[in-house]
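Novice: from the sequence below, what's the structure:
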Amino acid sequence: QVQLVESGGGLVQAGGSLRLSCADSGRTFSTYAMGWFRQAPGKEREFVAAIDWSGVSTYYADSVKGRFTISRDNAKNTEYLQMNSLKPEDTAVYYCAASAKGGGTYLWGSEYDYWGQGTQVTVSS
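Specialist: You can find the predicted model right below:
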């Protein structure tokens, strides 16, 4: 069973940085593809970044490309989202997700099987 717990959210000024973590308490983390999504108030959930099971392949939404970096440490059952040069429009609840498909990067929420509870990121101007 996969259980995802996000951490690392908070309040930061525009231009600042945060690193989100997503830890899995199960024993199958290394076989799952992982992703990050976000949902701002009044908006639909949107894709942010994805990484395959090995960490070799990554994919980013255009809105975060060059500013955010997704990574994973399979030995620690944890994925990360390093967020730099944050903008007020990055304000949202950020969710990590796990896909049993494993061997690819997936952009659609329907391709993920497990979700974390979310962590709030607020960027002030």
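
Novice: how close does the spatially most central residue of the chain sit to Gln117?
Specialist: Centroid-nearest residue in the chain: Trp36, 2.5 Å away (criterion: CA atoms, centre = their mean). Distance, Trp36 to Gln117, using CB to CB, to the nearest Å: 14 Å. The way it works is simple: take the backbone N, C-alpha and C, and place the C-beta from them, glycine included.

Novice: okay, and the common contacts of those two?
Specialist: Common contact partners of Trp36 and Gln117 (CB atoms under 8 Å, 6 or more residues apart in numbering): Tyr95.

Novice: which SS state does the residue nearest to the centre of the chain fall under?
Specialist: Reduced to three states with DSSP: H, G, I helix; E, B strand; the rest coil, the structure at Trp36 is strand.

Novice: bridged to it, which residues?
Specialist: Applying DSSP bridges to Trp36 gives these bridge partners: Ala49, Cys96.

Novice: that one against Leu20, yeah?
Specialist: Yes. Trp36 is in contact with Leu20 according to CB atoms under 8 Å; the separation is 7.2 Å.

Novice: now for those two: what residues contact both?
Specialist: Common contact partners of Trp36 and Leu20 (CB under 8 Å, 6+ apart): Leu81, Tyr94, Cys96.

Novice: hang on, the second one in a strand?
Specialist: Yes. Counting by three-state DSSP, Tyr94 is located in a strand.

Novice: what's the local residue count around the nearest residue to it once chain neighbours are set aside?
Specialist: Counting by CB to CB, 6 or more residues apart in numbering, Arg38 is the residue found nearest to Tyr94 once chain neighbours are left out, at 4.8 Å. By other CB atoms under 10 Å, the residues close to Arg38 number 23.

Novice: distance check, Arg38 against Gly15.
Specialist: On the measure of CB to CB, Arg38 and Gly15 end up 19 Å apart.

Novice: could you find the closest non-adjacent residue to Ile82?
Specialist: Rather than Ile, residue 82 is Gln. Using CB to CB, 6+ apart and skipping residues adjacent in sequence, the residue nearest Gln82 is Thr69, 4.4 Å away.
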